[in-house]
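Enquirer: Need coordinates for the below:
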Amino acid sequence: MPSHSPAAAPLPSDPVPTALDYNRSEKLLTVSFEDGQSFAIPAELLRVESPSAEVQGHGPSQKVTVPGRRHVAIMDIETVGHYAVRLVFDDLHDTGLYTWATLYRLGRDQDQIWRDYLSALDAQGLSRDP
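Expert: Sure, this is the predicted structure:
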């Protein structure tokens, strides 16, 4: 039987968060889940992977590579029902709803997501710096 990398593993069908904490000095959002998983996700990654249409477009071919966000921080976290949070960034981006499944995926797969993001920046001649 072939082995699967953690990134290929399916997401829990309905991940339930148990804690959400933002460390302002380190610009890290830590999300803990009922299954025992806990992820520290940098604000920059959350911003450049925002689930908003502004970043994701309306299909995979429309995704925008967002440059210049190395120093972005989260100013506010707003709960949206029992299924998501809205993150307000200091660049005033605030349109993405981060479901618990989205946060779980971003945390679990962040190494690959970072590699893909850095490759996209490089391919487009863009930088993480403002």
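
Enquirer: From what I see, Gly96 and Ile74 are in contact.
Expert: No - with contact defined as C-beta atoms under 8 Å, Gly96 and Ile74 do not form a contacting pair (11.8 Å). All C-beta spots, glycine's among them, are computed from the backbone N, C-alpha and C.

Enquirer: any residues in contact with both of those two?
Expert: Leu87 (C-beta atoms under 8 Å, 6 or more residues apart in numbering).

Enquirer: Which one's more surrounded, the two?
Expert: Gly96 (22 against 19; other C-beta atoms under 10 Å).

Enquirer: could you list every residue that touches the more buried one?
Expert: Counted by C-beta under 8 Å, 6+ apart, Gly96 has contacts 50-52, 54-55, 86-87.

Enquirer: Buried only: go through those residues for me.
Expert: Buried by 16 or more other C-beta atoms under 10 Å: 50-52, 55, 87, out of the contacts of Gly96.

Enquirer: what does the worst-scoring helix or strand of the chain on mean pLDDT rub up against?
Expert: Ranking every helix and strand in the chain by mean pLDDT, DSSP states H and E puts helix 53-56 at the bottom, with a mean of 93. Under the criterion C-beta under 8 Å, 6+ apart, residues 48-50, 62-64, 66, 93, 95-96 lie in contact with helix 53-56.

Enquirer: quick one: low-confidence parts of the protein?
Expert: 1-9 (pLDDT under 70).

Enquirer: name the helices or strands packed onto the longest helix that it contains?
Expert: When the chain is parsed with DSSP state H, its longest helix is helix 110-123. Helices and strands touching helix 110-123, as assessed by 3 or more C-beta pairs under 8 Å, 6 or more residues apart in numbering; DSSP states H and E, comprise strand 38-42, helix 43-48.

Enquirer: ok, 10 Å please
Expert: strand 38-42, helix 43-48, helix 100-108 (3 or more C-beta pairs under 10 Å, 6 or more residues apart in numbering; DSSP states H and E).

Enquirer: Redo these as JSON lines? Include mean neighbour count and distance to Leu20.
Expert: As requested, these are arranged in JSON lines below (neighbours: other C-beta atoms under 10 Å; distance: least, C-beta to C-beta, whole Å):
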{"stretch": "strand 38-42", "mean neighbour count": "17", "distance to Leu20": "11"}
{"stretch": "helix 43-48", "mean neighbour count": "22", "distance to Leu20": "12"}
{"stretch": "helix 100-108", "mean neighbour count": "20", "distance to Leu20": "8"}
